[in-house]
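J.: return a 3D structure for these sequence lines:
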Amino acid sequence: MQVYFLLVRLKEIAEVRSGHSFRGSIKETLDGNGFVIQTRDQSADGRMDWSNLIRTDVAGRKEPEWLQAGDVIFAARGIRNLASWISENDLSGLALPVICSPHYFQIRFDSTTALLPEFLAWQLNQSVAQRYFQQSAEGTMQVSIRRSVLEETPITIPPIEIQRKVVALSQRAHREEQIYQELIELRQMEMQAIANHVLNEQIKNKR
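T.: The predicted model follows:
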């Protein structure tokens, strides 16, 4: 059976919005009405550190475009142009709604589009898309990706079952990396303990 892959531009299947515009710097406010995602909250693999989001006053002339489950955010400024997807579990663990800073674009596509948000985020983080962003980036001191560039990003849409398999494989690979890192850290701690013991015994023997 032949498997069909659909190739589209991102703008054909999604709306790309700028992150929330703040007046001046983003300041932490204990009684603020929402949380804000900043680039420091996104890891090198595109995962978000939800536990360290700051609470702030989110104001404007119109209602803020709060993040929804299924949204994908894309870091448009800086050396890492990575995407992260927002799940229902991510949002349900927070007491307040969440907005993304102006350093991000917010991607929201129609629910009828046969595309998993986690697959879209995965695809935007792969080398093919990353090369496209690097070639299209502007600026020297502060590298950035324009909205039109992101909207023109070629997106491949395979059958939904293939998308699920790719996402599951990516999640397993990430978990394996975590386990390996934990093992490395445990081995380093073990070797440090051995070194401390050996060196302390050597010092005792010299006394």
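J.: so what's V16 bridging to?
T.: Residues in a beta bridge with V16, per DSSP bridges, are I107.
J.: give me the mean pLDDT for stretch 55-62.
T.: Mean per-residue pLDDT for stretch 55-62: 83.
J.: span of that stretch from start to end?
T.: 19 Å (C-alpha to C-alpha, to the nearest Å).
J.: got the buried residues for that stretch?
T.: For stretch 55-62, the buried set under the neighbour-count rule, 16 or more other C-beta atoms under 10 Å, comprises 55-56, 58. C-beta here means a position set from N, CA and C on the backbone, and glycine is covered the same way.
J.: over to stretch 91-99?
T.: Quick answer for stretch 91-99 (16+ other C-beta under 10 Å): 91, 98-99.
J.: can you list the buried residues of stretch 55-62 in TSV and add distance to F105 and secondary structure?
T.: As requested, the buried residues of stretch 55-62 are exported to TSV (distance: C-beta to C-beta, whole Å; DSSP: H, G, I helix; E, B strand; the rest coil):
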residue	distance to F105	secondary structure
R55	23	strand
T56	20	strand
V58	17	coil
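J.: and the buried residues of stretch 91-99, which is closest to V36?
T.: Proximity of the buried residues of stretch 91-99 to V36 (C-beta to C-beta) peaks at I99, which lies at 5.3 Å.
J.: what packs against the helix or strand hosting that closest one?
T.: If you go by DSSP states H and E, I99 is part of strand 98-100. Secondary-structure packing of strand 98-100 (3 or more C-beta pairs under 8 Å, 6 or more residues apart in numbering; DSSP states H and E): strand 34-37.
J.: list the strands paired with the strand it packs on, with their directions.
T.: In the sheet, strand 34-37 lines up with strand 54-56 (antiparallel), strand 98-100 (parallel) (DSSP bridges).
J.: would you turn these into TSV with distance to R47?
T.: Converted to TSV, those look like this (distance: least, C-beta to C-beta, whole Å):
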stretch	distance to R47
strand 54-56	18
strand 98-100	15
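J.: can you tell which of the ones you listed is closest to A193?
T.: That would be strand 54-56 among the strands paired with strand 34-37, by C-beta to C-beta, at 37.0 Å.
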